[in-house]
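Enquirer: Compute the structure for the input listed below.
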Amino acid sequence: MIVNESIVSLGISLLALFFAGLLATKVNQSLTAVFIVVGMILQNFFPVTIITEFIATLGIIFMLFMFGLEFSVGSLFNNQRKIFYTGICDLLFNFPLGLFLGWLLGYDLMKTLLLAGIIYVTSSVIVAKSIIDLKRSANPETEYLLNILIFEDMFIATFLAFIVGIINYGHIDAKGTFFVMAKTSAFFLFFIILSKASKKFKFIDKVIDIEHTELFVILILSIIVLSAGAAAQIGLSEAIGAFLAGLLLSETKQRHRITEAIKPFQQFSTAIFFVAFGMSIEYKHVISLIPMGIFIFIVSSFSKAFGGYFIGQKYALSKRASFRLGFSLIPRGEFSIILAGVVAMSPNVPYPLTALTGIYVLLCAVLGSIIMKESDLFVKWFIEKKDK
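Expert: All right, here's what the predicted structure looks like:
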């Protein structure tokens, strides 16, 4: 009976997602924000079920796997200096701001670190989709934008592993921190060495070179899930194992085929993940947190915009391209939500982090997408004001 109710609620959720998503595409809005709102509405009709939680967990795993699949160990090493310098500039402009705001809100160290990550990381999904939709792939700032996103995703993946490791260890101290860093580094290094060896000797290509589509999909899914499980077994996040599995398979000749095979699973489970997050946001906190959410959005948007402008000027981009780079970094989404859901946040504090993140991501996803789309108008206004 419980299973039947769970399946019915899942079916209703998917139907609601379809109609909401259809409306979102008509007005060219972020699906991330819409799916969170759907979840907030659906919590009035039924709770999060075991099936929904399981699919949401798969959503995180598949999402991080697809991120890893987009990278290439070879290209990361070849372009490492530019990725590092642009990424460090972006990090220094935005991560300390999150630490300051966490201190201002009275959070403990763990929540402060999580808020810093939530504010720091740009949504790769929203930005990548906007670049394609707005036909900006050939723009001069796009190369630097992608370099920043690569650094952010790599940093947050490591940061997530570190945070989860600390949580599993129990507390933060020198010994625990060193242990988590060593464990995380060893896990990353193992996959990178395996990836490099695979590229040279082609043994993973031979293993996954299966003509039968059904068996091919089953094998890829097993690699993803086992990698996620291996990470969980040593006290890291399942998502990190999936990310590294994507990084490993990105070096194979089957990369495009893997993307096409896994994408439907990823899109379905990711949508449920955002719904589940929306269902976890309690209405009683939402209204009281809106002013703080708006304040954090404004402050962090200026930080991102001027950080991007600084990077653009450092690499001799025009003022227009530099401002476009900064405005393109404003949207937040998937990683911010993953970080907010890392640990159960106590609602009995003035600013519950899960609810605050929900408001913040909604503002960044919706307004950030609009700012990115209309960036030329903002750029014109900024340049004219600067020249006066």
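
Enquirer: pLDDT wise, what is the nearest residue to Gln43 once chain neighbours are set aside at?
Expert: With CB to CB, 6 or more residues apart in numbering as the measure, Met279 is the residue that lies nearest to Gln43, at 4.2 Å, once sequence neighbours are left out. Where you see a C-beta, it was placed from the backbone N, CA and C, and this is true even at glycine. Confidence at Met279, expressed as pLDDT, is 83.

Enquirer: Per-residue pLDDT of Leu194, please?
Expert: In this prediction, Leu194 carries a pLDDT score of 85.

Enquirer: cool, and Ile148?
Expert: Each residue has a pLDDT score; the one for Ile148 is 91.

Enquirer: Report the contact partners of it.
Expert: Taking CB atoms under 8 Å, 6 or more residues apart in numbering, we find Ile148 in contact with 86-87, 90, 122, 308, 311, 329.

Enquirer: can you tell me which of these are in helices?
Expert: Within those, residues falling in helices by DSSP state H are 86-87, 90, 308, 311.

Enquirer: which two from those residues end up farthest apart in space?
Expert: With distances taken as CB to CB, the most widely separated pair in the ones in helices among the contacts of Ile148 is Gly87 and Gly308, at 12.1 Å.

Enquirer: which one of the two has more residues nearby?
Expert: Neighbours around Gly87 and Gly308, counted as other CB atoms under 10 Å, are more numerous at Gly308. The numbers are 30 against 20.

Enquirer: so what's that one scoring on pLDDT?
Expert: What the model reports as pLDDT for Gly308 is 93.

Enquirer: neighbours around the nearest residue to it once chain neighbours are set aside, how many?
Expert: The shortest distance from Gly308 to any residue that is not its chain neighbour, by CB to CB, 6+ apart, is 2.8 Å, and that residue is Gly326. Using other CB under 10 Å as the criterion, Gly326 is surrounded by 30 other residues.

Enquirer: Next up, the contacts around Gly326.
Expert: Going by CB under 8 Å, 6+ apart, Gly326 touches 304-309, 312.

Enquirer: If we only consider those, which is nearest to Gly368?
Expert: Each of the contacts of Gly326 was scored against Gly368 by CB to CB, and Lys304 proved nearest at 8.8 Å.

Enquirer: check which helix or strand covers the closest one.
Expert: Taking DSSP states H and E as the definition, Lys304 sits inside helix 283-314.

Enquirer: cool, and Asn139?
Expert: When elements are defined using DSSP H and E, Asn139 is found to belong to no helix and no strand.

Enquirer: quick one, what contacts it?
Expert: 321, 324.

Enquirer: In space, what's closest to the residue nearest to the spatial centre of the chain - neighbours in sequence excluded?
Expert: Per CA atoms, centre = their mean, the C-alpha nearest to the average position across the chain is that of Phe335, at 2.5 Å. Nearest-residue entry for Phe335: Val121, 4.5 Å, with adjacent residues in sequence omitted and distances by CB to CB, 6+ apart.

Enquirer: just checking, the one you found touches Ser336?
Expert: Yes - contact status for Val121 versus Ser336: in contact at 6.1 Å, counting by CB atoms under 8 Å.

Enquirer: Can you report phi and psi for Leu329?
Expert: phi -90, psi 0 (degrees, to the nearest 10).

Enquirer: Tell me where the model's unsure across the stretch 151-300 of the chain.
Expert: Judged by pLDDT under 70, the stretch 151-300 of the chain has its weakly predicted residues at 167-177.

Enquirer: 50 instead?
Expert: Counting by pLDDT under 50, the stretch 151-300 of the chain contains no low-confidence range.

Enquirer: And for the nearest residue in space to Thr86 that is not next to it in sequence, the neighbour number?
Expert: Once its chain neighbours are removed from consideration, Thr86 has its nearest residue in Asn147; the separation is 4.7 Å (CB to CB, 6+ apart). Counted by other CB under 10 Å, the residues lying close to Asn147 total 21.

Enquirer: And for Phe62?
Expert: A count of neighbours around Phe62, defined by other CB under 10 Å, yields 28.

Enquirer: does it belong to a helix or a strand, and which?
Expert: Phe62 is part of helix 50-70 when elements are defined by DSSP H and E.

Enquirer: Glu143 now?
Expert: Taking DSSP H and E as the definition, Glu143 sits inside helix 142-169.

Enquirer: so how many other residues sit close to the closest residue to Gln313 other than its chain neighbours?
Expert: The shortest distance from Gln313 to any non-neighbouring residue, by CB to CB, 6+ apart, is to Ser322 (5.3 Å). With neighbours defined by other CB under 10 Å, the count for Ser322 comes to 26.

Enquirer: Cool, thanks, signing off.
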